[in-house]
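*Asks:* no sequence for this one, just the structure:
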């Protein structure tokens, strides 16, 4: 039910000697954006540790009021929103579904101080405000904005910060770690889309996925992690657990990233989503960031499509601004100027909305299915041999 939940007492971290600390406290299922969901076993120590460090990272306290839209069946809603707020004694304004008009009203009239959500939440909020002719939504008590549970687009970050006049924070986390491992620091402004710095108790390194060799700063590789919040395994699935476990207690996340010289993390995509075109790696996030900066494109998602010769085409799904749709010729010129030929979409498919799950993540496997259906029906046009944008 929608309503207000307030905790008058703090929940404390699990004391180290307590045997229950290593017992399973909850089973959270992964989002299943690229495959079947798996049940992640989370320990009492892991979830309570994250509740504490998450609350401390944003100075969450009893005077705060948090918008609780993210479903508590997922780690973002359970850890970042619910448990951190309970630990701090903060109030929660709970909603069973997301309504951008309701969030706009809560910011203006109901004293929200903190809003955390996936990037799609902020995109929909700004779209709603634009439709109302509101460039700067009223939010007199707002002091903290955070986008998580998915990659942060640079263009969206700029728009949110311009609208609210404050930093949109970002972090990196996953179900297998009972929450976030990295986040940008309170009071620090960044012009990039870094996921910030490690939380206490978390370890992260970038490795060559083929060899497990640790890579230096600035090189892209697979993100491996370990620490207090790491899961003991997937529920009743030892095979899947073994597939992601590495020597030394490391978990191979399947995410691709790189570390800056100062330790800031940049997440660039998923190994499974990386597109190999003409022998070159194409990171969908880079193409999406470029598309999203073009006037008239609100959101985009990029996937690869296998070709008969084993190569992959870059396919983009975009949501247009219905009031100001993009000019196709100008878009083609823009992509030629900003993307190397092998990175340019062979096709751009317009859609009313991107498929997202309950946690606000784009379901790319659904887009792959949609692409396959177009191919099977014969409605799919031939790719442009020059890699230029073409619309369906």
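*Replies:* It's in. No experiment lies behind these values; they were computed from the predicted model shown.
*Asks:* and residue 302, what are its phi and psi?
*Replies:* The phi and psi values for residue 302, taken as degrees, to the nearest 10, are phi -120, psi 130.
*Asks:* got any ranges where the stretch 201-350 of the chain has weak pLDDT?
*Replies:* Low-confidence segments of the stretch 201-350 of the chain, defined by pLDDT under 70: 309.
*Asks:* Sketch out the helices for it, chain order is fine.
*Replies:* Using DSSP state H, counting those that start in this stretch, the helices found in the stretch 201-350 of the chain span residues 238-244, 284-292, 328-338.
*Asks:* Specify the angle between the longest one and helix 284-292 in degrees.
*Replies:* Counting by axes from the mean of the first three to the mean of the last three CA atoms, to 10 degrees, helix 328-338 lies at 130 degrees to helix 284-292.
*Asks:* from now on call the first residue 628
*Replies:* Sure, I'll start numbering at 628, so the last one becomes helix 955-965.
*Asks:* From the contact counts, what lies against helix 955-965?
*Replies:* With contacts defined as 3 or more CB pairs under 8 Å, 6 or more residues apart in numbering; DSSP states H and E, the packing partners of helix 955-965 are helix 911-919. Every residue, glycine included, has its C-beta placed from N, CA and C.
*Asks:* residues of the helix it packs on that come out buried?
*Replies:* The neighbour-count check on helix 911-919 (16 or more other CB atoms under 10 Å) flags 911, 912, 914, 915, 916, 917, 918, 919 as buried.
*Asks:* What residues does the closest residue to residue 915 other than its chain neighbours make contact with?
*Replies:* Spatial nearest neighbour of residue 915, excluding adjacent residues (CB to CB, 6 or more residues apart in numbering): residue 927 at 4.8 Å. Going by CB atoms under 8 Å, 6 or more residues apart in numbering, residue 927 touches 914, 915, 918, 919, 943, 944, 945, 946, 981.
*Asks:* Please repeat the previous calculation with a cut-off of 6 Å.
*Replies:* Residue 927 makes contacts with 915, 918, 919, 943, 945, as judged by CB atoms under 6 Å, 6 or more residues apart in numbering.
*Asks:* Would you mind measuring from the nearest residue to the second one once chain neighbours are set aside to residue 942?
*Replies:* Translated: residue 918. Among residues not flanking residue 918 along the chain, residue 927 sits closest, at 4.2 Å (CB to CB, 6+ apart). Noted for residue 927: a distance of 11 Å to residue 942, by CB to CB, to the nearest Å.
*Asks:* now do residue 707
*Replies:* Note on residue 707: its distance to residue 942, by CB to CB, is 32 Å.
*Asks:* Pick out whichever of those two has more residues nearby.
*Replies:* residue 707 (29 against 25; other CB atoms under 10 Å).
*Asks:* Mind checking what secondary structure that one has?
*Replies:* Secondary structure for residue 707, judged by DSSP: H, G, I helix; E, B strand; the rest coil, is helix.
*Asks:* on that earlier part again, which strand residues bridge the residue nearest to residue 915?
*Replies:* residue 945 (DSSP bridges).
*Asks:* Domain ranges for this structure, per the record?
*Replies:* 630-897, 902-1004 (automatic domain parsing).
*Asks:* picking that back up, farthest-apart pair in the contacts of residue 927, please.
*Replies:* Using CB to CB, the contacts of residue 927 reach their maximum pairwise distance at 919 and 943, which is 10.5 Å.
*Asks:* in the stretch 878-1019 of the chain, which spans are strands?
*Replies:* Assigned by DSSP state E, counting those that start in this stretch, the stretch 878-1019 of the chain shows strands spanning 892-897, 902-904, 907-909, 924-933, 939-947, 974-977.
*Asks:* And the closest residue in space to residue 917 that isn't next to it in sequence, how close does it get to residue 789?
*Replies:* The shortest distance from residue 917 to any non-neighbouring residue, by CB to CB, 6+ apart, is to residue 965 (5.2 Å). From residue 965 across to residue 789, the span is 22 Å (CB to CB).
*Asks:* same deal with residue 966?
*Replies:* 25 Å.
*Asks:* neighbour count winner among these two?
*Replies:* For residue 966 versus residue 789, the count of surrounding residues by other CB under 10 Å is larger for residue 966: 19 against 11.
*Asks:* Which residue is the nearest non-sequential neighbour of the more buried one?
*Replies:* Nearest to residue 966 is residue 917, by CB to CB, 6+ apart, at 5.8 Å.
*Asks:* any idea how far stretch 715-725 is from the chain center?
*Replies:* 20 Å (CA atoms, centre = their mean, to the nearest Å).
*Asks:* now do stretch 672-690
*Replies:* 20 Å.
*Asks:* How about stretch 816-823?
*Replies:* The gap between where stretch 816-823 is centred and where its chain is centred comes out at 14 Å by CA atoms, centre = their mean.
*Asks:* Residues touching it, excluding its own?
*Replies:* 779, 781, 794, 797-799, 809-811, 891-894.
*Asks:* And the residues you listed, which of them are buried?
*Replies:* Among these, the ones that count as buried by 16+ other CB under 10 Å are 779, 794, 797, 798, 799, 809, 810, 811, 891, 892, 893, 894.
*Asks:* of the contacts of residue 927, closest to residue 767?
*Replies:* residue 919 (29.7 Å).
*Asks:* Give me the distance between the two termini of stretch 794-806.
*Replies:* Terminal residues of stretch 794-806 lie 21 Å apart, using CA to CA, to the nearest Å.
*Asks:* Just grab the bridge partners of the closest residue to residue 831 other than its chain neighbours for me.
*Replies:* Computed as CB to CB, 6+ apart, the closest residue to residue 831 that is not its neighbour in sequence is residue 852, at 4.8 Å. Using DSSP bridges, the bridge partners assigned to residue 852 are residue 831, residue 878.
*Asks:* what about residue 852, neighbour count?
*Replies:* Using other CB under 10 Å, residue 852 is surrounded by 24 other residues.
*Asks:* from what I can see it touches residue 876, true?
*Replies:* No. Taking contacts as CB atoms under 6 Å, residue 852 lies outside contact range of residue 876: 9.9 Å.
*Asks:* any chance of the buried residues of helix 911-919 in TSV, with distance to residue 692 too?
*Replies:* Shown next, in TSV, are the buried residues of helix 911-919 (distance: CB to CB, whole Å):
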residue	distance to residue 692
911	36
912	33
914	38
915	33
916	33
917	37
918	36
919	31
